[in-house]
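**Student:** Take this sequence and fold it.
(chains A and B)
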Amino acid sequence: MAKAMLIDTSKCTACRGCQVACKQWNDLPGEETYNQGSYQNPPELSATTWKLVTFHELEKGDQVRWLFLPMQCLHCTQASCVSVCPTGAAHRQGEFVLIDENQCIGCGYCVQACPFGVPHSIPGIGDRHKGTARKCVFCIDRVSNDLLPACAKTCPPGAYKFGEREEMIALGQARVEALRADGHPNAYLYGENELGGLHVMFVLTETASHYGLPDRPRYATANVFGQWLSGIITAGVVAALPFWLLFKRKEELAAKAERGGE
Amino acid sequence: MAGLGPTYGRGAMTNDWVDLKNSDCILAIGGNPAENHPASMAWVNKARENGAKLIVVDPRFNRTAATSNLYAPLRSGTDIVFLGGLMNYAIQNKLYNEEYVKYYTNALTLVNPDYKGPADLDGYFSGFNAEKKTYDSTTWQYQTEKQKVVGADGKEVEATVIKRAASLDEPNTIWSLLKQHYSRYTPEMVERVCGTPKDKFLEVAELFCATGAPDKSGTILYAMGQTQHTVGTQNVRAMAMLQLLLGNIGVPGGGVNALRGESNVQGSTDMALLYHDLPGYLGLPTDNHPDLATYNAKFDSTSYWVNGPRFFTTLMKAWFGNAATAENNFAYDYIPKSSGNYAWIPLFETMYAGKVKGLICMGQNPAVSGPNARLERKALANLEWLVVMDLFETETASFWRAPGVDSKNIKTEVFLLPAADALEKAGSIVTSGRRIQWRPKVAAVPGEAKEDIWILDRLVKALKALYKDSTDPKDRPVLDLVWDYGDPPNVELVACEINGYALDNVVDKDGKVLVEKGKVIPSFATIASAANPEAIACGNWIYSGYFAPADDGTGVSMPATKRRGQKDPGDLGVYPFWGWAWPANRHILYNRASARPDGTPWAENKKLIWWDAEQKKWAGYDVPDFLATKAPDAKADPVGKGLAAQAGTDPFIMKADGKGWLFAPKGLNEGPLPEHYEPLESPIANPLSKVQVNPVVKIWATDQDKDIGDKVGTFDQFPIVCTTYRLTEHWQAGAMSRNLPWLAEAQPELFVEISKELAAEKGIKNGERVAVTSARGEIKAVAVVTARWKPLTIDGQKVHQIGMPWHYGWQGLATGDVANDLTPHVGDGNTTIPEYKAFLVDIRKA
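**Tutor:** Okay, the predicted model is just below:
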């Protein structure tokens, strides 16, 4: 039976208790930030920020909405980071997706591949990556000892639930129903089916893109055969093109010669 | 708080945090629970799961509004118009609870026919003295008549009784005065003054006033957004009155709930850390009380306050022990008599004038938190010495080297005493809901830091040593002060003294021993009933019982405040075995009103306490805030004292007539009914009357011609309304949060929130640095351009509002200019709490 976390964004007040609790439990340092015109800070997830509440303003006619998303690794069933990792450092342990620091070579493929922009390595010179990739570990040290993840434990308004994934889906669906009846027709349970099922699911009151989430997240290696095939065809076409042009010109010259010979 | 006392009798949150879950409609106005009281949202969300609605009325669309069902904007400083509009709506549409209003409020009471209100006198109430800026309240008083009655001893005596009408709409009833007064507060007037679109206002009115139904309850959550105005006390009064009209007081899920901004601010108020009070709200003697007899005479004789003199006696015994005797009026002369206003603003004005020598600042940071903070920082430089006790070196401790200050010119000697954090010391703290919880010490104090109690103990002992050889009678209070908590001081001994203990055997009138010498008293009822109350030392009568042994619901006995019993008999979130709530472990104040006049619950789903006719007592899930054996049909004794003077249908036992006061004949300086006056700095002329600003407020005018001074801005110079507030990520003046890296990264610097419309007018881009100026100063901040602020149409013209957090200063990891450099030195007409929430500014690209 797989565990999962359900985050009800309709109850989230963006207090950021989860963001701070994550840093505290995982011993992550504070980052030097400045205000860039938003409450959101640090501006994005990083090697030292594994949990980040993102803020999204939405204007609907004369109505304003301010949407909050406690973002983190969503522990996908079809995890792109795992599929692109050349060393097997990114791996699945049961329902959880983890990165083994000892095997990680800091290539940064997972950083590029994640459809949610979750894993980060400590930035190096230019675009190069320095050090190993880091991200949320689902507080596996806590969870495997029957404790709630630090973020879920601290949430004051009760937006987090943790338990069997099937139960979380049922709870999430019930909340979506209730929200749809209470003036949120776009309410949606994100993660029930996305990428084979996420282990961190969100109850959303608007469509996913308003929260900065991809509406249809894509698995980095979902179509490996197709990608290879198109690569081979492309390579073939590229290789054949000069010959084709050559033959074509030869034919044209021949045709011209024929006309000239009239 | 000063608005709740005159209305209900006690200046405290009426219900409890957990009780929010029982509500059908939650109105947050002048409070921002999601950001400033995050834990409250657990209970708000619980209520909403059961179908409750959350309404937010606020100048800006904040994080509470983000989760709400309905948001309505208003201009900062116009709450009375909005709340008056709600009262008018409830009255006009007959949505009030008529039975509740008739029995439990003073609506039927007749007022002096000479009373005139602002509708008659263009903004003033009758009795105004323009020269002194005070009111003579003679015409605000109840009508009384002499009646021949039969007293308890069977003899006929003449009694003075309050005149009441038979029906609400008779002339001179409070109901008719109230109705006439608020008939001016129409939805159109709300739109004109507050800028709230009429349809939005009506949506709020319809939703909230529906809680006037007996099987519904609505609660109002507020904080400093109501109080920090020149009409702050009357703002709170207006909310309290609305809730009386709707029958929302005393019931589960109802109430006027003051969300206290600090974990123990309720405790500090209860313990009288205010200039005008003594512990347990006894009131500091003033020049009007030259002797004990005049002081004792100030307590109502027809309410529970009849016991006030006894409570004062036990307080004096706690402080002065054997030196407080019947012969010396229990050392009454040892207590200083207040002769004026010693609130924050006058204190700093006096300091500015060079008349204050020294200041001890414990866990406060006035260099950041004071209004007109530049002036207040300059005032600090006039001190000979300054002691700061804090966890970090605050802006106050470092005011002498603030940016732009030449330290050479500052002569003040500054001492910084490192203090212990709450987790590094044991003691009790009091929540907003009056629940007192004991907390153990869980961490060692770092370095040279000391617990507050240790510092204070040393201070008092040093003072006593200094005076030990004095024979001067004026030094007796220092020498006679009982100070015996051990070395190092034992905080549990302090707790016992606050609870109250027997100095000698406490006996009743028949000589039966109630409490043995040396034992803690179980309740303030012991003080009220003892034949020898002077045998009791009690540091705060309302806390009596909090440190007395009590069952935690599982048969285990311990000091009540230490209990963590989780039984909840009615499943209403009362949790009577968890800690202890003052008074007498009553969790919902005035809960007699949770039942109908006949003693049956208003509705099955709102059942809290009810009259059990068989047992002849009040039964239920909470301790009755009422005489437990007083039947609903009990008659008032017109010559009786204390609660005997009140009937079985009088739920407000701390009020002289047992009623909730829709009209307050006393207790408020600017009138018996809340009337709208504009903030000191306002964009318009008051549309309701010719009186622009609360007529009783004092407007300071120090150095108005200088760079730093009490300058007042006008709308033509400063055409934008500004307000200040707090963020989830920071704590008050910032010392405890701006030094923590995780919080500093989340809100790293001062910002100002402005609308897209204003940004376009001023050419300001999101994230750019801007300068904000008021008549008092100029500060720099980052512009956050947002759709969450919108310009409002006020009295026909477009008015912009902006806002900023006031947490920042130059110390710590997250820094920024001091927002209070902009705020004015003017305060509320009753409490002098500064008007931090509404003032005028201008803004430009920096």
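**Student:** ok, the residue lying closest to residue B:596 once chain neighbours are set aside - contacts?
**Tutor:** Once flanking residues are discounted, residue B:596 sits nearest to residue B:602: 5.9 Å by Cβ to Cβ, 6 or more residues apart in numbering or on different chains. Bear in mind the C-beta positions are built from the backbone N, C-alpha and C, glycine included. The contact partners of residue B:602, by Cβ atoms under 8 Å, 6 or more residues apart in numbering or on different chains, come to B:214, B:215, B:247, B:251, B:594, B:595, B:596.
**Student:** who wins for neighbours among those residues?
**Tutor:** Neighbour tally across the contacts of residue B:602 (other Cβ atoms under 10 Å in any protein chain shown): the maximum, 35 neighbours, falls on residue B:251.
**Student:** Next, count neighbours for the residue of chain B found nearest chain A.
**Tutor:** Residue nearest to chain A within chain B (Cβ to the nearest Cβ): residue B:741, separated by 2.8 Å. When neighbours are defined as other Cβ under 10 Å, residue B:741 has 15 of them.
**Student:** Could you report the neighbour count for residue A:140?
**Tutor:** Neighbour count for residue A:140, taken as other Cβ under 10 Å: 14.
**Student:** can you pull the pLDDT of the nearest residue to it once chain neighbours are set aside?
**Tutor:** Excluding the flanking residues, the one nearest residue A:140 by Cβ to Cβ, 6+ apart is residue A:96, at 5.9 Å. Residue A:96 is assigned 96 on the pLDDT scale.
**Student:** circling back to that earlier point, farthest-separated two in the contacts of residue B:602?
**Tutor:** With Cβ to Cβ as the measure, no two of the contacts of residue B:602 lie farther apart than B:215 and B:595, at 13.5 Å.
**Student:** tell me the contacts of residue B:159?
**Tutor:** Residues near residue B:159 by Cβ under 8 Å, 6+ apart: B:146, B:147, B:148, B:149, B:638, B:639.
**Student:** Of those, which belong to strands?
**Tutor:** Judged by DSSP state E, strands contain the following of the contacts of residue B:159: B:146, B:147, B:148, B:149.
**Student:** Neighbour count added to those residues, as a markdown table?
**Tutor:** Formatted as a markdown table, the ones in strands among the contacts of residue B:159 follow (neighbours: other Cβ atoms under 10 Å in any protein chain shown):
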| residue | neighbour count |
| --- | --- |
| B:146 | 9 |
| B:147 | 13 |
| B:148 | 9 |
| B:149 | 14 |
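**Student:** Could you tell me which residues of the stretch 51-200 of chain A lie near chain B?
**Tutor:** By the rule Cβ under 8 Å from any Cβ of the partner chain, the part of the stretch 51-200 of chain A lying against chain B is A:57, A:59, A:64-68, A:156-158, A:178, A:182-183.
**Student:** Now a PyMOL select for only the buried ones of the residues you listed.
**Tutor:** Buried members of these, defined by 16 or more other Cβ atoms under 10 Å in any protein chain shown, are picked up in PyMOL with:
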select buried, chain A and resi 64+65+66+67+68+156+157+158+178
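**Student:** Can you flag which of the residues of the stretch 51-200 of chain A next to chain B belong to strands?
**Tutor:** Per DSSP E, these map to strands at A:57, A:59, A:64, A:65, A:66, A:67, A:68.
**Student:** Name the nearest of the residues you listed relative to chain B.
**Tutor:** Among these, residue A:66 lies closest to chain B (Cβ to the nearest Cβ), at 3.9 Å.
**Student:** contacting residues for the nearest residue to the closest one once chain neighbours are set aside?
**Tutor:** In this structure, residue A:66 finds its nearest non-sequential neighbour in residue B:66, 3.9 Å apart by Cβ to Cβ, 6+ apart. Residues counted as contacts of residue B:66 (Cβ under 8 Å, 6+ apart) are A:13, A:14, A:65, A:66, A:67, A:68, B:34.
**Student:** Kindly report the same for residue B:611.
**Tutor:** Residues in contact with residue B:611 (Cβ under 8 Å, 6+ apart) are B:595, B:598, B:599, B:600, B:617, B:618, B:619, B:631, B:632.
**Student:** Out of these, grab the one that's most surrounded.
**Tutor:** The most crowded member of the contacts of residue B:611, judged by other Cβ under 10 Å, is residue B:595 (26 neighbours).
**Student:** I'd like to know how far it sits from residue B:239.
**Tutor:** Using Cβ to Cβ, to the nearest Å, residue B:595 is found at 23 Å from residue B:239.
**Student:** before we move on, what about residue A:108?
**Tutor:** Distance of residue A:108 to residue B:239, given as Cβ to Cβ: 57 Å.
**Student:** do residue B:579 as well
**Tutor:** Relative to residue B:239, and taking Cβ to Cβ, residue B:579 is found at 27 Å.
**Student:** ok, now residue B:248?
**Tutor:** 10 Å.
**Student:** Pick out whichever of residue A:108 and residue B:239 has more residues nearby.
**Tutor:** Between residue A:108 and residue B:239, counted using other Cβ under 10 Å, residue B:239 has the larger neighbour count: 28 against 20.
**Student:** tell me what the host helix or strand of that one is packed against?
**Tutor:** Element membership for residue B:239, per DSSP states H and E: helix B:232-245. Identification of packing neighbours for helix B:232-245 by 3 or more Cβ pairs under 8 Å, 6 or more residues apart in numbering or on different chains; DSSP states H and E yields helix B:4-8, helix B:79-92, helix B:98-104, strand B:218-222, helix B:224-227, strand B:256-258.
**Student:** now that helix against helix B:79-92, angle please.
**Tutor:** 20 degrees (axes from the mean of the first three to the mean of the last three Cα atoms, to 10 degrees).
**Student:** in chain A, what residue is nearest chain B?
**Tutor:** residue A:30 (2.8 Å).
**Student:** count of residues packed around that residue?
**Tutor:** Residue A:30 has 20 nearby residues by other Cβ under 10 Å.
**Student:** List the single closest residue to it in space, sequence neighbours excluded.
**Tutor:** Closest to residue A:30 by Cβ to Cβ, 6+ apart is residue B:741, at 2.8 Å.
**Student:** now residue B:209
**Tutor:** residue B:95 is the one closest to residue B:209 (Cβ to Cβ, 6+ apart), at 4.2 Å.
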